[in-house]
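In: Predicted model and sequence follow; I will ask about them next.
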2 protein chains.
Amino acid sequence: MGERGLRLGLVGLGTIGTGVVRLLQSQGPAIAQRLGTPLELVRIADVDLERDRAVALDAYALTRDWREVVADPDIDLVIELIGGTGVARDVVLAALAARKDVVTANKALLSVHGPELFASAAENGVDIAFEASVAGTIPVLRALREGLCADRIEAVHGIVNGTCNFILSEMDAGGDPYAACLKRAQELGYAEADPTLDVSGSDSAQKLAILLGLALGVHLDPADLPTEGIERVSPIDMEFARQFGLRIKLLAMAKEHEGAVEARVGPTMIPASSVLAGVAGAMNAVEVRGRHSGPTLYYGAGAGALPTASAVLGDVMELGRNRRLGISGRVPPLGTPSLRETRLRSPEEIEAEYYLRFAVLDKPGVLASITGVLGNLGISIASVVQPERHASEAVPVVIMTHRAREASVQRARARIETLGEVRERAQLIRIEREL
Amino acid sequence: MGERGLRLGLVGLGTIGTGVVRLLQSQGPAIAQRLGTPLELVRIADVDLERDRAVALDAYALTRDWREVVADPDIDLVIELIGGTGVARDVVLAALAARKDVVTANKALLSVHGPELFASAAENGVDIAFEASVAGTIPVLRALREGLCADRIEAVHGIVNGTCNFILSEMDAGGDPYAACLKRAQELGYAEADPTLDVSGSDSAQKLAILLGLALGVHLDPADLPTEGIERVSPIDMEFARQFGLRIKLLAMAKEHEGAVEARVGPTMIPASSVLAGVAGAMNAVEVRGRHSGPTLYYGAGAGALPTASAVLGDVMELGRNRRLGISGRVPPLGTPSLRETRLRSPEEIEAEYYLRFAVLDKPGVLASITGVLGNLGISIASVVQPERHASEAVPVVIMTHRAREASVQRARARIETLGEVRERAQLIRIEREL
């Protein structure tokens, strides 16, 4: 580096990429002062060079071919912001092989190919950083890797998808159904035209896989993590939750157990008084429970061009410091030099409290049938709520269970759905009180 | 280091020091695995070697003389946990001069002598780390120094004293007066026998001085920061706050302005819906507002032996990595190589909304006198609440102002206190809505 600054190449000039350019332009002098050397963006690659991005690009060499960025011997560090696991993987591996440091915000890539990329970085004596891949601007990966590294992390609970949290917050505040709130999220730019990746929970599962590495030191494929989206959450469920002092959030959670890990993404009822329950709108938060540090929580913007760009450039500065000092691999990317072997807990092993809602025809004996099924499967009932009585339409019946095996609760739900008086699919939501 | 581990000396075997020993004993193997080298505690110094600390100390060389720790050529890193600015300063300076890294949790020392200690560390080619000095276990200093370093921080608002937050939470929950809640805090071990340092706000001011360095890049002496404690907060004020959708917290706050910094510690009314308002009991939280990253918040245990020890050992691991790589000064201790010159905003420049409570004899015309004084000083009133009417006793009158100059509000309060119908000292609490 020496007299010249740290030279950057950027691959992907979408929302976040444009944010990185803007932030470099406005914060450049302050960053140079802090870092002791300027950041110089040299080349940018994107397939679309026509679109007006409302940012001056004259100072940079633009190309449609990412290979020109990676091959440029002048470039020290490549920022990968195209997303996905195809071309992005080629970009990152090529950059590492060319002994360039890499900063990426790509949770899909890291959650699936993390170990391969980390091994390549180590082999080539360079670094890869990815703070922006989980919870946007919030430096929670750094907190896990370096702040809490002396402790044993026992659990992580995160609201890591702003789109889902926005939709659930809107449903909770106004009582509007899912579809209307999704539409509002799309109009406001919080949800994509095709929102599947977000609302299905898949995006959260990718982030959870990264958190599993950093918090619990294990690698699990995001496709293997039990994942449920928010599409079936109804304002009725939110109302019932409220009656019990609970709120519904889409949580990505992981817990350490003896010889196994519990991990899932799904709508979850949590105490209304918990800090996570207060996380509203498109914000993200991650609560970490350490054996000795206790609960700590990290809150902030999980998306957005400039908040995410702030995390990207924080990583760029870290790798710039390393390069200046001539070091790499200061901290292992996941905080530990080797991940532990583990397995996922099965529904037979998982115990929790559950919320069940059935739509039933209000005939004599229906409650007896339902509670009978639960009793036969050894599920103890904490409360039953049957708010209205109508002769002909289906009415909701809500059951709150005591701690029960998840497999038994799923079995009970399936059996109850076969009862003649039960209409529609039942709703099943897990309750987490330890937040 | 090489084959042998990182050798540690500990000065101060009080609550946190004992926590460090316990955490090293339980987490030692896991830390060695993560760090790639074991942490070996060699020597411990404390003036009291008789007290039973319920932890095995046989493996360590014990001494009453801290100089033996600092002089031990085998020791790589000294952990200073005696507190205060006298002997602690000698310990830290001697350790740095002996080219040992230093980890400390000493906010008093850092807030006053920080620049001297940082300069000494740089001169001697070693590092000093102090994550545990602010907000205990929460890695918020690391977040500011390395996570948000690409952004410009515009404001910080923190609940950084668990004792005060516990007392205020108790008052708020049960309506008991300050003295009773302080007593409860003392019985539960949340407050010292002499609670002055905590309840006066001085401890928070020391932590604020450190946050000012990391967040805004300025050095201000904690003694110069306007500081008010919680002793005069009454459950009545909490009730009124609640009526306006607000809560009272002891906040340490700093804001960047053109050419000046606003900083203060004091009871503050904040929106009940804000995340900070939900921080209950002895917990701490710091909200950081970045120009591009937006608000981020860091929450967790601000005190306690093991939570604080977790932060101390996180720092030890960081400095161990540096030593193994043969580097020091990777990041400046306050994130910037040079602090900016600045000045504190005066009450003439500060504008905010304020809550005023007077105890008045309910005679005709008293409200006219009070509002007259406010009007003459250009203070615009948002609401007046005068809840009860009694013939002879003093009754509360509450005024919520619109944005007004702090100096004017203080002048108004002083003038109103001289009115014949006004009894006792008035209560004046600032309102912060942007949280």
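Out: Received it, and whenever you're ready, just let me know what you need. Small disclaimer: the values here were computed from a predicted structure and weren't measured.

In: Average pLDDT for stretch A:22-42, rounded please.
Out: Averaging pLDDT along stretch A:22-42 gives 97.

In: and that stretch, which residues are buried?
Out: A:22-24, A:27-28, A:31, A:34-35, A:37-42 (16 or more other Cβ atoms under 10 Å in any protein chain shown). Yep, even glycine has a C-beta here, placed from its N, CA and C like the rest.

In: Then stretch A:345-360?
Out: Buried-residue list, stretch A:345-360, by 16+ other Cβ under 10 Å: A:345, A:350-360.

In: And stretch A:148-157, by the same measure?
Out: Those would be A:148-157, for stretch A:148-157 by 16+ other Cβ under 10 Å.

In: what two of those are the furthest from one another?
Out: Using Cβ to Cβ, the buried residues of stretch A:148-157 reach their maximum pairwise distance at A:150 and A:157, which is 21.2 Å.

In: Is there a neighbour count for residue A:368? I'd like the number.
Out: Per other Cβ atoms under 10 Å in any protein chain shown, the neighbour tally for residue A:368 reads 10.

In: ok, then the element right after the helix or strand where it lies?
Out: Here residue A:368, judged by DSSP states H and E, is contained in helix A:366-376. Moving toward the C-terminus from helix A:366-376, the next helix or strand (DSSP H and E) is strand A:381-385.

In: Go through the helix or strand that that next one is followed by and list whatever outside residues touch any part of it.
Out: Sequence order places strand A:394-401 as the next helix or strand after strand A:381-385, per DSSP H and E. Strand A:394-401 is touched from outside by A:236, A:240, A:244, A:353-362, A:366-367, A:370-371, A:374, A:379-389, A:409, A:423-424, A:431, with contacts defined as Cβ atoms under 8 Å, 6 or more residues apart in numbering or on different chains.

In: Buried ones in strand A:394-401, by neighbour count?
Out: A:395-401.

In: For the stretch 151-300 of chain A, which residues are neighbours of chain B?
Out: Residues of the stretch 151-300 of chain A found near chain B (Cβ under 8 Å from any Cβ of the partner chain) are A:151-152, A:273, A:275, A:278-279, A:285, A:290, A:292-300.

In: Buried ones from these, can you make that a PyMOL selection?
Out: A single PyMOL command selects the buried members of these (16+ other Cβ under 10 Å):
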select buried, chain A and resi 151+152+275+278+279+285+290+292+293+294+295+296+297+298+299+300
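
In: burial of residue A:188, as a residue count?
Out: 11.

In: give the contact list for the closest residue to it other than its chain neighbours.
Out: Distances taken as Cβ to Cβ, 6 or more residues apart in numbering or on different chains put residue A:166 closest to residue A:188, at 7.9 Å, once the chain neighbours are dropped. By Cβ under 8 Å, 6+ apart, the contact set of residue A:166 is A:181, A:185, A:188, A:190-191, A:281-282.

In: which one in chain A is furthest away from the centre?
Out: In chain A, residue A:364 marks the outermost C-alpha relative to the chain mean, sitting 45.1 Å out by Cα atoms, centre = their mean.

In: ok, residue A:99 touching residue A:126?
Out: Yes: counting by Cβ atoms under 8 Å, residue A:99 does reach residue A:126; the two are 5.5 Å apart.

In: More neighbours: these two, which one.
Out: Legend: neighbour count by other Cβ under 10 Å for residue A:99 and residue A:126, higher for residue A:126 (24 against 13).

In: State the distance from that one to residue B:268.
Out: According to Cβ to Cβ, to the nearest Å, residue A:126 and residue B:268 sit 47 Å apart.

In: And residue A:358, by the same measure?
Out: Distance of residue A:358 to residue B:268, given as Cβ to Cβ: 48 Å.

In: Quick check: helices, which of the buried residues of stretch A:22-42 are part of them?
Out: The helices, defined by DSSP state H, take in A:22-24, A:27-28, A:31, A:34-35 from the buried residues of stretch A:22-42.

In: filter these down to the ones near chain B?
Out: Answer for those near chain B (Cβ under 8 Å from any Cβ): A:23, A:27, A:31, A:34.

In: Contacts only, for the third one.
Out: By Cβ under 8 Å, 6+ apart, the contact list for residue A:31 reads A:24, A:38-39, A:313, A:317, B:149-150.

In: and with 10 Å instead?
Out: Residue A:31 sits next to A:5-6, A:23-24, A:37-39, A:313-314, A:316-317, A:320, B:149-152 when contact means Cβ atoms under 10 Å, 6 or more residues apart in numbering or on different chains.

In: what does the first one give?
Out: Contacts of residue A:23 were listed using Cβ under 10 Å, 6+ apart, and they are A:31, A:305-310, A:312-313, B:150-151, B:291-293.

In: and the gap between the closest residue in space to it that isn't next to it in sequence and residue A:166?
Out: Distances taken as Cβ to Cβ, 6+ apart put residue A:309 closest to residue A:23, at 4.3 Å, once the chain neighbours are dropped. Between residue A:309 and residue A:166 the distance is 20 Å, computed by Cβ to Cβ.

In: Tell me the secondary structure at residue A:248.
Out: strand (DSSP: H, G, I helix; E, B strand; the rest coil).

In: Just grab the bridge partners of it for me.
Out: Beta-bridge partners of residue A:248, counted by DSSP bridges, are residue A:269.

In: Just to check, it is in contact with residue A:270?
Out: Yes: assessed by Cβ atoms under 10 Å, residue A:248 is found in contact with residue A:270 at 8.0 Å.

In: list the residues that contact both of those two?
Out: Taking Cβ under 10 Å, 6+ apart as the criterion, residue A:248 and residue A:270 both touch A:241, A:277.

In: got the contact list for residue A:237?
Out: Contacts of residue A:237 by Cβ under 10 Å, 6+ apart are A:171-172, A:246, A:248, A:267, A:269, A:355, A:357, A:396, A:398, A:427, A:429.

In: In a strand, it, correct?
Out: No: going by three-state DSSP, the assignment for residue A:237 is helix, not a strand.

In: Mind pulling up the pLDDT for it?
Out: At residue A:237, the predicted lDDT confidence score is 97.

In: again, but for the one 4 residues further on
Out: The predicted local distance difference test score for residue A:241 is 97.

In: ok, now residue A:434?
Out: With respect to pLDDT, residue A:434 scores 89.

In: contacting residues for it?
Out: So residue A:434 contacts A:155, A:157, A:255, A:270-271, A:274, A:289, A:295 (Cβ under 10 Å, 6+ apart).

In: What is the nearest of these to chain B?
Out: residue A:295 (6.4 Å; Cβ to the nearest Cβ).

In: That closest one reaches residue B:137, doesn't it?
Out: Yes: with contact defined as Cβ under 10 Å, residue A:295 reaches residue B:137; the gap is 9.5 Å.
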